[in-house]
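Novice: test case, fold it:
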Amino acid sequence: MRKLVVMAVLVVSALALAAVNLDVFGNYHFTLSASPTAAASISYLSFGLQVGYEVTEGVQIGGGVGLAYFLPDATAATDFLGAASSTQWTLDFTVGAKYSIPVNDFSAVVVKGYGGLSVPGFTGFDKLGYIVGAKVLYVFDMVDFNVGLGAGIEMRSYGSSSITTIPVGVTANIRF
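Specialist: Next up is the predicted model:
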């Protein structure tokens with residue numbers, strides 16, 4: 001028990017000294033291409049949280065969790081995801097890196113790269129997919145809080161199905 005308490009104190013102390021950031025994001029994804037071609041009508045919403053650790057000035061690495069909701073209906077989403085049950089949802093686990101380029105005292109351009117695993121219907125680990133993406137954001141800085149707007153490119157793949165989209169969205173960042 002004593003070792004557990006010591007480890008907990010060390011972890012809390014390290015996090016207290018670290019430059020930890022919390023990103024909250026939301027995106028709408030426009031489809032560029034899809035395979036099979038019947039999935040070309042699919043678009044989706046994604047949102048989630050990512051915790052980042054500032055490695056050096058302007059560079060962060062971290063991980064997060066998110067959700068994606070596929071549009072327009074459950075049948076098209078189920079066919080695309082290859083899920084055994086009807087689902088329009090996926091649970092996403094990602095890792096990412098961000099690089100911030102200051103423009104002036106109140107704004108910056110942020111380049112973000114990420115990748116990870118996607119689980120259809122929260123339990124479809126046998127139909128596991130993956131995500132890879134990059135995004136550029138223009139960020140307005142307000143001391144320990146900032147808001148960014150931007151777009152990028154993202155690819156998702158589930159078995160023989162894949163989709164390439166343009167995510168357009170917002171990000172809010174809180175620094176601790």
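Novice: any idea which element the nearest residue to residue 59 once chain neighbours are set aside lies in?
Specialist: The shortest distance from residue 59 to any residue other than its chain neighbours is 5.6 Å, reached at residue 99 (C-beta to C-beta, 6 or more residues apart in numbering). Glycine gets a C-beta too; all of them are placed from N, C-alpha and C. Element membership of residue 99 [criterion: DSSP states H and E] is strand 89-104.
Novice: quick one on the thing from earlier: and the residue nearest to residue 59, what pLDDT?
Specialist: Per-residue pLDDT puts residue 99 at 95.
Novice: equivalent analysis for residue 70, please.
Specialist: pLDDT for residue 70: 90.
Novice: what do you get for residue 114?
Specialist: Here, the pLDDT recorded for residue 114 equals 96.
Novice: what bridges to residue 136?
Specialist: Beta bridges link residue 136 to residue 111, residue 151, judged by DSSP bridges.
Novice: wait, residue 60
Specialist: In this entry, residue 60 is beta-bridged to residue 54, residue 98, by DSSP bridges.
Novice: swap in residue 166?
Specialist: residue 30.
Novice: that one touches residue 155, doesn't it?
Specialist: No - using C-beta atoms under 8 Å, residue 166 is not in contact with residue 155, being 11.1 Å away.
Novice: could you pull out the strands for this protein?
Specialist: 20-35, 43-56, 59-71, 89-104, 107-120, 129-142, 145-158, 161-175 (DSSP state E).
Novice: distance to residue 82 and mean neighbour count added to those, as a markdown table?
Specialist: Compiled in a markdown table, the strands of the chain are given as follows (distance: least, C-beta to C-beta, whole Å; neighbours: other C-beta atoms under 10 Å):
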| stretch | distance to residue 82 | mean neighbour count |
| --- | --- | --- |
| strand 20-35 | 12 | 17 |
| strand 43-56 | 15 | 17 |
| strand 59-71 | 12 | 17 |
| strand 89-104 | 11 | 17 |
| strand 107-120 | 7 | 18 |
| strand 129-142 | 9 | 18 |
| strand 145-158 | 5 | 18 |
| strand 161-175 | 6 | 18 |
